[in-house]
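# what shape does this take:
(one chain, ligands or ions: 1)
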Amino acid sequence: MKIIDGKEIAKNLRLKISEEVKKLDRPPGLAVILVGEDPASAVYVRNKERACNEAGFFSDKIIKSENITEEQLLEEVERLNHDPQIDGILVQLPLPSHINANKVIEHISPLKDVDGFHSENIGKLMQNKSHLRPCTPKGVMTMLASIGCEVMGMNCVVIGASNIVGRPMAMELLNARGTVTICNSKTKNVAEKVMQADIVVVGVGIPKMVKGDWVKDGAVVIDIGINRLDDGSLVGDVDFDAIKDKASAITPVPGGVGPMTIATLLENTLIAYRQNL
Ligand code: GUN
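Okay, here's the model as predicted:
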């Protein structure tokens, strides 16, 4: 069994990106908007800013009060849409409930939508024609490629059908010509589906939901979940200890998919830079 070292794969990707950046006339610019004081979001945003700086990007961290109106936030996005120094715009989710997150996402220029959440970019992903693809699923594909995992013809099971993770993940696997089953919270006999899978990808936010006896010997298991338990420890959505000796490869939490998401955000910002020239 191989533990997939997401940190190492992400580091190599970031290194490759920083080499590319050195050749450019101006640094690619990423604006990250954080609304309110959700502690987990604050950590994510800080990590994104640090990765940007290390790779030689220009990063603009914009912190707004929880009381910002939807209109004010849309104006901020509009300003960034027209800022020539900014190639990528990311609005950290979740947003406070008085703001319609979908309206904000749709207001980001699709050319600067480095999260790949705008309906135009999601539509292109469905047509296998996209330039800006959601970071976490795209990072998983990079990871699979880097361990030599062939998706074509494989049975792939995705657990979770969110707009950020499950749906685009399923589409990525389909685009790579896998045979994809998407499970949601109402799916009957999830264990039975997982047992058929050569590749399992889980992103639901339920600690250790996927049990050891669900997984076929030799399967590749990708865990997108990050759950903090009452004792302060971080665990994924799969029972790592029970699965690690059955899987041919598995991602740890932390140190698996998380670092890939951030490296892929930089990759997307560089793509946006090039298409915005
Ligand atoms: N919150 C949790 N994951 C993400 C992400 O990938 N992008 C944004 N914008 N917010 C998030």
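# show me how far the host helix or strand of residue 102 is from its chain's centre.
Following DSSP states H and E, one finds residue 102 within helix 101-107. From the chain centre to the centre of helix 101-107 is a distance of 18 Å (Cα atoms, centre = their mean, to the nearest Å).
# what are the buried residues along stretch 98-108?
Residues of stretch 98-108 classed as buried: 99, 101, 104-108 (neighbour count, 16 or more other Cβ atoms under 10 Å). Heads up, the C-betas are built off the backbone N, CA and C, glycines and all.
# contact partners of that stretch?
Applying Cβ atoms under 8 Å, 6 or more residues apart in numbering, the contact partners of stretch 98-108 are 35, 68-70, 73-74, 77-78, 81, 89, 91, 93-95, 113, 115, 117-119.
# redo that, cut-off 10 Å
31, 33, 35-36, 66-78, 80-81, 88-91, 93-95, 113-115, 117-122, 163 (Cβ atoms under 10 Å, 6 or more residues apart in numbering).
# of those, which ones also sit close to the ligand?
90-91, 93, 115 (Cβ under 6 Å from any ligand atom).
# quick one: which of those residues sit in strands?
Cross-referencing these against strands under DSSP state E gives 90-91.
# can I get the ones next to the ligand among the contacts of stretch 98-108 in CSV including pLDDT?
Conversion of these to CSV gives the following (pLDDT from 0 to 100):
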residue, pLDDT
90, 98
91, 98
93, 97
115, 98
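# so which of the ones next to the ligand among the contacts of stretch 98-108 wins on neighbours?
Within these, most neighbours by other Cβ atoms under 10 Å means residue 91, with 25 neighbours.
# report the buried residues of stretch 265-275.
Buried residues in stretch 265-275, counted by 16+ other Cβ under 10 Å: 265-273.
# same deal with stretch 139-155?
Neighbour-count burial for stretch 139-155 [16+ other Cβ under 10 Å]: 139-144, 146, 149, 151, 154-155.
# kindly reformat the residues you listed as a markdown table containing distance to residue 2.
Output for the buried residues of stretch 139-155, formatted as a markdown table (distance: Cβ to Cβ, whole Å):
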| residue | distance to residue 2 |
| --- | --- |
| 139 | 18 |
| 140 | 16 |
| 141 | 18 |
| 142 | 16 |
| 143 | 12 |
| 144 | 12 |
| 146 | 12 |
| 149 | 10 |
| 151 | 17 |
| 154 | 17 |
| 155 | 20 |
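# who touches the residue in the stretch 1-150 of the chain positioned nearest to the ligand in this structure?
Here the stretch 1-150 of the chain gets closest to the ligand at one residue, residue 93, 3.6 Å apart by Cβ to the nearest ligand atom. If a contact means Cβ under 10 Å, 6+ apart, then residue 93 has 35, 38, 41, 44, 101, 104-105, 115, 117, 163-164 as its contacts.
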